[in-house]
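Peer 1: No sequence on hand, only this structure:
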């Protein structure tokens, strides 16, 4: 059974068996690579954005903590791109960054209102 969180499907790679076909092996390898790419991001969220310890109480507190940490991570990423675009003078990239930052802030506001 594959767990579903909101609209996101969590795909967990199973163990490799001898009777797996080449196609099944390749699919499992891709899932392992994707998981290996995500784990460092989770580690940075825990260390850089204070997710190692949750001071907020209950399930709603966990959701708020995760939402704020993920938003801070995304905003930091977009702001870094924004300042790079300003440095190289690419106006199109600057406009794109501003739109992405505004979308992130709107998403944060709507998500917070649902809680």
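Peer 2: On my side now, so go ahead. Model, not experiment: these values are computed from the prediction.

Peer 1: Low-confidence ranges, this protein, go.
Peer 2: The chain contains residues with pLDDT under 70 at 1-13, 49-51, 56, 115.

Peer 1: Have a look at it and report its longest helix.
Peer 2: Selection of the longest helix in the chain by residue count, based on DSSP state H, yields helix 58-88.

Peer 1: I figured residue 71 hits residue 106, correct?
Peer 2: No. Using C-beta atoms under 8 Å, residue 71 and residue 106 do not qualify as a contacting pair, with a distance of 11.0 Å. (Each C-beta comes from the backbone N, C-alpha and C, glycine too.)

Peer 1: rewinding a little: packing partners for the longest helix of the chain?
Peer 2: helix 22-48, helix 91-114 (3 or more C-beta pairs under 8 Å, 6 or more residues apart in numbering; DSSP states H and E).

Peer 1: which parts of the shortest one are buried?
Peer 2: Across helix 91-114, burial judged by 16 or more other C-beta atoms under 10 Å covers 94, 97, 100-101, 104, 108.

Peer 1: try stretch 55-67
Peer 2: Neighbour-count burial for stretch 55-67, counted by 16+ other C-beta under 10 Å, picks out 64-65, 67.

Peer 1: Out of these, which comes closest to residue 30?
Peer 2: residue 67 (28.7 Å; C-beta to C-beta).
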